[in-house]
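**Student:** test case, fold it:
(2 chains)
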Amino acid sequence: MSYQVDEKGYYGEFGGAFIPEMLYPNVEELRSQYIEIMQSESFQKKFRALLKDYVGRPTPLYFAKRFSEKYNTKVYLKREDLCHTGAHKVNNTVGQILMAQELGKKRIIAETGAGQHGVATATVCALMGLECIVYMGEIDIERQSPNVARMKMLGAKVIPAKSGSRTLKDATNEAIRDWINNPVDTHYIIGSVVGPHPYPDMVARFQSVISEEIKKQLKEVENTEDPDYVVACVGGGSNAAGIYYHYLDNPKVGIIAVEAAGKGIDTGESAATSALGKMGIIHGSKTLLMQTGDGQITEPYSISAGLDYPGVGPMHANLFTSGRGEFISITDDAAMKAGLELAKLEGIIPAIETSHALAIFENRKFKPDDVVVVNLSGRGDKDLNTYIEYFNL
Amino acid sequence: MNRINQKLEADHKLLSIYFTAGYPNTNDTEKIIVDLEKSGVHFIEIGLPFSDPLADGPTIQQSSTKALKNGMTTEKLFEQLEGIRDKVEIPLIIMGYFNPILQYGVEKFCKKCSEIGIDGLIIPDLPVDVYHENYQDLFEKYGLLNIFLITPQTSEKRIRFIDSISNSFIYMVSSASVTGSTSGFSEKTHEYFKRIHEMNLKNPQIVGFGIKDHETFTKATKFAKGAIIGSAFIKNLNENGIESIKEFVWNVKALT
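**Tutor:** Numbering: from 1, shown residues only, chains lettered A, B, ... in the order given. Model prediction:
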């Protein structure tokens, strides 16, 4: 059994494309061509060149010595925070902007929560000279104003999503509605491994460069391509999909997914989908999602805007229900503490999303000779205000 | 014969009205249905509200949000519709997104619809291929007609496929848009209506999206068998209240 997507777009029983007929031509156009385009030599050449010269890849695999000593195990950090724009998100937007060009699209739309994916999309649109429209929840616009300014500087138009809860879920709804209204000239750059097939697979493939590099880098320092564990935070799950990708079907490598417990799983203010979710349909995908008994999608909560999503990608839903992945949830408080700790021990200020992944070491013990690779998915600059307020810095 | 098919045999154009159950007030459902039938509407689409209606514009979104705030649920809708067949003859179609139906249980949902006397379903995010593979037998077992959408971008091959597995009418979306668009019908839309008409499909077509009054109704039904009004009806409920149903319908039908 494989944990990769099957030919119908499913991971086990999760995935598929539950979309209104209005979206069918757009999604079908992409589905029927994405593999062929991505595998073509000319595409790979352009993609690899941009990853190297523009994004700054390969990113280092850094042995975190003091952090490892503290937790008595061997922790490596995959430094996605050093990517251009400050997070792994740009791996996907570079790939998708090239995809959009191959498909002859002239107009790019995207959704964003914290603004990282919005910035990464605006960046590649500026690079290619394409029109860029980013949907962002009205509430997120207020709490993430520096990223709104960055998008504007990069020439993107930021449209507030005013429906529903006015956060990421609703920004995604608005982006999908835009795509329904503009079916011919527009490409929708989804920022995570969510949405209708082929998006989860396409985004995972673009992010898979992360585990591809780890294999080579680990071989040099540990003389093996396979760590004992790969660890990542999961909101929608794109950085996790990237670090798991080449290890999905390798049982020697343990997969650990870290979700945001918010104020605690049972507080009603949480985003721990594996603990609180049930199978359902969100944004065109059958997956685990947080919902009422009546099937209405509920509002998640996390201190980290990037983990504040009521579902997970179908790959992760399958990793959870099959038992292939170990799922851990981390509260706001534990994450904030772990973020500060990494800053003090290693001189790296992580994004609060990433801090969740770092927080597991407090309670999840590893053997001294275990090699644990944590995806350091983003840097903490965007979160300075939250850190300042939380710690009274 | 299913009530929808009986109605489709009529020699006049058909008017279908969509409303969101639980809006403006939780318990308006029965009154709206009864008044719509009395006013001379031919089909009724009862909207099952959903938190994330992807294919809908602001008007229907807001009515759904309000309905959910009012406490509307699938269970409650079925309670309200209990006994509706003692009061009306008109074909009733439930329109709802797939997730609430999935959570209720697809078979249980179909069974309940059948017991109440619902004639058909429109589930915009249940794609025709998934329906065909997984649910068609179930819907047929309970005598429910599932109605599919086509758009100006739907390929001829796919339209033929949808026609082949439909047994009532095809819901023809007038333009590439979410519901409630007010841009009117362009020359291109007219050509699309004509193109579909000339395909000689076995199922008649009912046009939806962008129909709001007598003029747009007339244009939409030049080639098609009928048309559906949703957002404009909800807007009218919002502005003129639940007592204005007859006036709204008569205006669309240009009756005095």
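**Student:** residues from the stretch 51-200 of chain A in reach of chain B?
**Tutor:** The stretch 51-200 of chain A has residues A:163-164, A:169-170, A:173, A:176-177, A:180-184 near chain B, with proximity defined as C-beta under 8 Å from any C-beta of the partner chain. All C-beta spots, glycine's among them, are computed from the backbone N, C-alpha and C.
**Student:** one more time with 7 Å, if that's ok
**Tutor:** A:163-164, A:169, A:173, A:176-177, A:180-181, A:183 (C-beta under 7 Å from any C-beta of the partner chain).
**Student:** okay, now the nearest residue to residue A:285 once chain neighbours are set aside: neighbour count?
**Tutor:** Excluding the flanking residues, the one nearest residue A:285 by C-beta to C-beta, 6 or more residues apart in numbering or on different chains is residue A:314, at 5.4 Å. One way to gauge burial is a neighbour count; for residue A:314, by other C-beta atoms under 10 Å in any protein chain shown, it gives 30.
**Student:** quick one: residue A:314 from residue B:186, how far?
**Tutor:** Distance, residue A:314 to residue B:186, by C-beta to C-beta, to the nearest Å: 39 Å.
**Student:** kindly report the same for residue A:338.
**Tutor:** In this structure, residue A:338 lies at 57 Å from residue B:186, with C-beta to C-beta as the measure.
**Student:** these two: which is more packed in?
**Tutor:** For residue A:338 against residue B:186, the residue with the higher neighbour count under other C-beta under 10 Å is residue A:338, and the figures read 23 against 11.
**Student:** check the residue nearest to residue A:285 and give its pLDDT.
**Tutor:** Confidence per residue is given as pLDDT, and for residue A:314 that number is 98.
**Student:** so it makes contact with residue A:11?
**Tutor:** Yes - when contacts are counted by C-beta atoms under 7 Å, residue A:314 is listed as touching residue A:11 (4.8 Å).
**Student:** which stretches of the chain have low pLDDT?
**Tutor:** No chain was given, so I picked chain A. Along chain A, no part satisfies pLDDT under 70.
**Student:** hm, I was asking about chain B
**Tutor:** Across chain B, residues meeting the criterion (pLDDT under 70) sit at B:256.
**Student:** setting the sequence-adjacent residues aside, check what's closest to residue 71.
**Tutor:** No chain specified, so I'll use chain A. Counting by C-beta to C-beta, 6+ apart, residue A:361 is the residue found nearest to residue A:71 once chain neighbours are left out, at 4.3 Å.
**Student:** meant chain B actually
**Tutor:** With C-beta to C-beta, 6+ apart as the criterion, residue B:71 has its nearest non-adjacent residue at 5.7 Å, and that residue is residue B:26.
**Student:** next, count neighbours for residue A:222.
**Tutor:** Here the number of neighbours of residue A:222 (other C-beta under 10 Å) works out to 16.
**Student:** how many residues are close by the closest residue to it other than its chain neighbours?
**Tutor:** Take residue A:222 and drop its neighbours on the chain: the residue closest to it by C-beta to C-beta, 6+ apart is residue A:371, 5.7 Å away. Here the number of neighbours of residue A:371 (other C-beta under 10 Å) works out to 22.
**Student:** SS state for residue B:182?
**Tutor:** Reduced to three states with DSSP: H, G, I helix; E, B strand; the rest coil, the structure at residue B:182 is coil.
**Student:** now the element after the helix or strand encompassing residue B:216, going C-ward?
**Tutor:** Taking DSSP states H and E as the criterion, the element that holds residue B:216 is helix B:214-220. Per DSSP H and E, the first helix or strand lying C-terminal to helix B:214-220 is strand B:226-229.
**Student:** show me what the helix or strand following that following strand is packed up against.
**Tutor:** Under the assignment DSSP H and E, the closest C-terminal helix or strand after strand B:226-229 is helix B:231-240. Under the contact definition 3 or more C-beta pairs under 7 Å, 6 or more residues apart in numbering or on different chains; DSSP states H and E, helix B:231-240 sits against strand B:14-20, helix B:58-69.
**Student:** could you redo the last one with a cut-off of 8 Å?
**Tutor:** Here helix B:231-240 is seen to pack against strand B:14-20, helix B:58-69, helix B:245-253 when contacts are counted using 3 or more C-beta pairs under 8 Å, 6 or more residues apart in numbering or on different chains; DSSP states H and E.
**Student:** report the buried residues of that helix.
**Tutor:** Judged by neighbour count (16 or more other C-beta atoms under 10 Å in any protein chain shown), helix B:231-240 contains these buried residues: B:231-237.
**Student:** relative orientation of that helix and helix B:245-253 in degrees?
**Tutor:** Per axes from the mean of the first three to the mean of the last three C-alpha atoms, to 10 degrees, the angle that helix B:231-240 makes with helix B:245-253 is 140 degrees.
**Student:** show residues contacting helix B:231-240.
**Tutor:** Residues lying outside helix B:231-240 but in contact with it, judged by C-beta atoms under 8 Å, 6 or more residues apart in numbering or on different chains, are B:17-20, B:23-24, B:32, B:57, B:59-60, B:63, B:179-180, B:211-213, B:244-245, B:247-248.
**Student:** and with 7 Å instead?
**Tutor:** Helix B:231-240 is contacted by residues B:17-20, B:24, B:57, B:59-60, B:63, B:179-180, B:212, B:244, B:248 when judged by C-beta atoms under 7 Å, 6 or more residues apart in numbering or on different chains.
**Student:** what about the helix or strand hosting residue A:329, distance to the chain center?
**Tutor:** Residue A:329 belongs to strand A:325-331 when assigned by DSSP H and E. Centroid separation between strand A:325-331 and its chain, computed with C-alpha atoms, centre = their mean, to the nearest Å, is 16 Å.
**Student:** could you say what helices and strands it packs with?
**Tutor:** Applying 3+ C-beta pairs under 7 Å, 6+ apart, one finds that strand A:325-331 makes contact with strand A:254-262, helix A:314-322.
**Student:** run the angle between the first one and strand A:325-331 for me.
**Tutor:** If I follow you right, that is strand A:254-262. Interaxial angle, strand A:254-262 versus strand A:325-331 (the same axes, to 10 degrees): 30 degrees.
**Student:** sheet partners, orientation included, of strand A:254-262?
**Tutor:** strand A:229-233 (parallel), strand A:325-331 (parallel) (DSSP bridges).
**Student:** tell me which residues are up against it.
**Tutor:** Taking C-beta under 7 Å, 6+ apart as the criterion, the residues outside strand A:254-262 that touch it are A:228-234, A:240, A:244, A:247, A:269-274, A:301-302, A:304, A:307, A:316, A:319, A:324-332, A:356-357, A:360.
**Student:** and if you look at stretch A:42-50?
**Tutor:** The contact list for stretch A:42-50, computed with C-beta under 7 Å, 6+ apart, reads A:37, A:94-95, A:98, A:102.
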